[in-house]
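Peer 1: pasting a predicted model and its sequence here:
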Amino acid sequence: MTKITNKELLALKGILASDFLDGDPPVGKWVWSWSANPFESAKSFGGVVASLTKKGLAQQSGDTGKDACVAITQAGVDAVNDSPPVTTD
């Protein structure tokens, strides 16, 4: 099991919550990065997605700005399912 931070877990959950999944299975389904961003800044999300990509938990489209897309991998879905709930206290 890959260890993930709370921010990484929030980002993965953001990808899974994107309206652009259209009810399709999430693995490998590209969604707009802005639709999956649970943070206040795109820069914060980009940094976390870069970390997730290095761990093999997400993929980046290589596009920038509003054209950027992100997809979750099966390992990312497994990491979400294996993680305890995130607390903000």
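Peer 2: Right, received. Where do you want to start?
Peer 1: okay, and the residue nearest to Gly56 when sequence neighbours are not counted sits in which element?
Peer 2: Distances taken as C-beta to C-beta, 6 or more residues apart in numbering place Ala75 nearest to Gly56, at 5.2 Å, with adjacent residues excluded. Backbone N, C-alpha and C define where each C-beta goes, glycine included. Take DSSP states H and E as the rule and Ala75 turns out to sit in helix 74-82.
Peer 1: which helix or which strand is home to the residue nearest the centre of the chain?
Peer 2: Geometric centre of the chain, nearest residue: Leu12, 3.3 Å, by C-alpha atoms, centre = their mean. Assigned by DSSP H and E, Leu12 belongs to helix 6-16.
Peer 1: so what strands line up beside the next helix or strand after that helix?
Peer 2: As assigned by DSSP H and E, the chain's next helix or strand after helix 6-16 is strand 31-32. Partner strands for strand 31-32, per DSSP bridges, with pairing direction: strand 69-72 (antiparallel).
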